[in-house]
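Novice: A predicted structure for the sequence below; I have some questions about it.
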Amino acid sequence: MTNSENFANRYRLKAFFVFGAALIILFYRFISHALFSGMMHPVYAFEEKEIWYRVFLSSHLAQFITDNHFLSLASDLLLFLLPVLFLITRKRVFAIAFSILLLIYFFTYNLVTGHHYHGLVGVILITIPFWTKNETRFNLLWEAVRYYWLYIFASAALWKILRGSVFYADQLSNILKAQQLDLQLQQPDSFQAHIVQYLIANPQVSHWVLIVNVLVQLSFLIGFFTKKFDTLLFVLAIVFCAANYFVMSIVSAELLILNLTLLNWDKIAGLLQKSKS
């Protein structure tokens with residue numbers, strides 16, 4: 001098999017997983033009434049000072065879509081249709097259109113909810129490499145997304161170290177007291193609430209949890225120098241996001257789509273090829 005055929009196989013395989021995962025994320029958002037059609041006639045009270053949010057709000061594009069029932073439904077339909085069309089035709093125009101529409105949805109969702117939600121950033125970024133079919137450019141963009149995923153973890157660890165918060169024994173215990181108040185009031189007998197209660201009552205234990213948290217995040221620095229441990233980092237990312245939810249109630253499931261950049265696609269393509277032969 002030639003190099004071009006190998007690349008074509010990996011390209012198709014990556015496209016299937018990336019856009020398949022994106023469709024699953026969008027479906028969950030749809031049944032949660034969180035897509036355009038679920039944000040009809042909202043009040044845009046987001047007082048964000050970041051320039052791009054202000055420019056987007058001033059363009060009235062978000063208002064134009066969410067104030068029109070037909071347009072909001074059509075936008076939802078396009079969010080599902082564009083990935084499917086790309087998977088069927090492999091035409092770049094559908095990948096580009098999907099990334100742009102997803103970006104519009106990302107800004108609109110954050111403006112409506114009044115919250116800086118970053119989960120969709122991963123979905124947007126990992127679709128950008130599919131804007132090209134050139135092997136060199138695609139691989140370069142794919143590697144850039146991989147480095148961004150590593151940066152998310154490593155920078156979070158360095159931030160805690162440089163600020164000194166990881167060295168403060170009561171840091172996590174105090175955070176949980178404020179951040180998990182709703183959980184303690186609404187579901188005090190849940191398994192998650194019991195975990196939080198124990199960590200609050202035992203600051204020394206919670207401090208060690210924080211230290212382990214930082215060490216796990218810091219371990220992603222190794223990915224900048226070698227890919228030998230990418231499989232381990234792939235598993236650590238899943239474990240970290242699951243633990244982060246149970247302890248902090250931080251949902252990072254959508255960002256896990258970036259974890260696809262840590263997989264050995266040559267090996268996966270080879271195994272699939274053998275299973276077919």
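Specialist: Ah, there it is.

Novice: pLDDT at Phe46, what is it?
Specialist: pLDDT, Phe46: 61.

Novice: okay, now Pro242: neighbour count?
Specialist: Careful, residue 242 is Ala and not Pro. 13 (other Cβ atoms under 10 Å). Yep, even glycine has a C-beta here, placed from its N, CA and C like the rest.

Novice: who's in contact with it?
Specialist: Shown in contact with Ala242 (Cβ atoms under 8 Å, 6 or more residues apart in numbering): no residues.

Novice: How about the backbone phi and psi for it?
Specialist: With angles defined as degrees, to the nearest 10, Ala242 sits at phi -70, psi -50.

Novice: Against Val235, how distant is it?
Specialist: 11 Å (Cβ to Cβ, to the nearest Å).

Novice: Equivalent analysis for Leu260, please.
Specialist: Where Val235 is concerned, Leu260 sits at a distance of 14 Å (Cβ to Cβ).

Novice: out of those two, which sits in the more crowded spot?
Specialist: Leu260 (19 against 12).

Novice: Go ahead and confirm that one touches Lys14.
Specialist: Yes - using Cβ atoms under 8 Å, Leu260 is in contact with Lys14, at 7.2 Å.

Novice: Can you give me the domain boundaries for this structure?
Specialist: In terms of domains, the chain is parsed into 1-133, 147-277 (source: automatic domain parsing).

Novice: quick one, helices of the stretch 1-150 of the chain?
Specialist: Per DSSP state H, counting those that start in this stretch, the stretch 1-150 of the chain carries helices over the ranges 3-31, 51-59, 61-66, 69-89, 92-113, 119-127, 135-163.

Novice: Mind listing residues that contact the third one?
Specialist: Helix 61-66 is touched from outside by 36, 39-42, 44, 56, 71-72, 75, 104, 107-108, 111-112, with contacts defined as Cβ under 8 Å, 6+ apart.

Novice: at 10 Å what do you get?
Specialist: 36-42, 44, 46, 56-57, 71-72, 74-76, 104-105, 107-112 (Cβ atoms under 10 Å, 6 or more residues apart in numbering).

Novice: ok now do Thr127, which residues does it touch?
Specialist: 15, 18-19, 22, 82-83, 86, 95-96, 98-100, 102-103, 145, 257.
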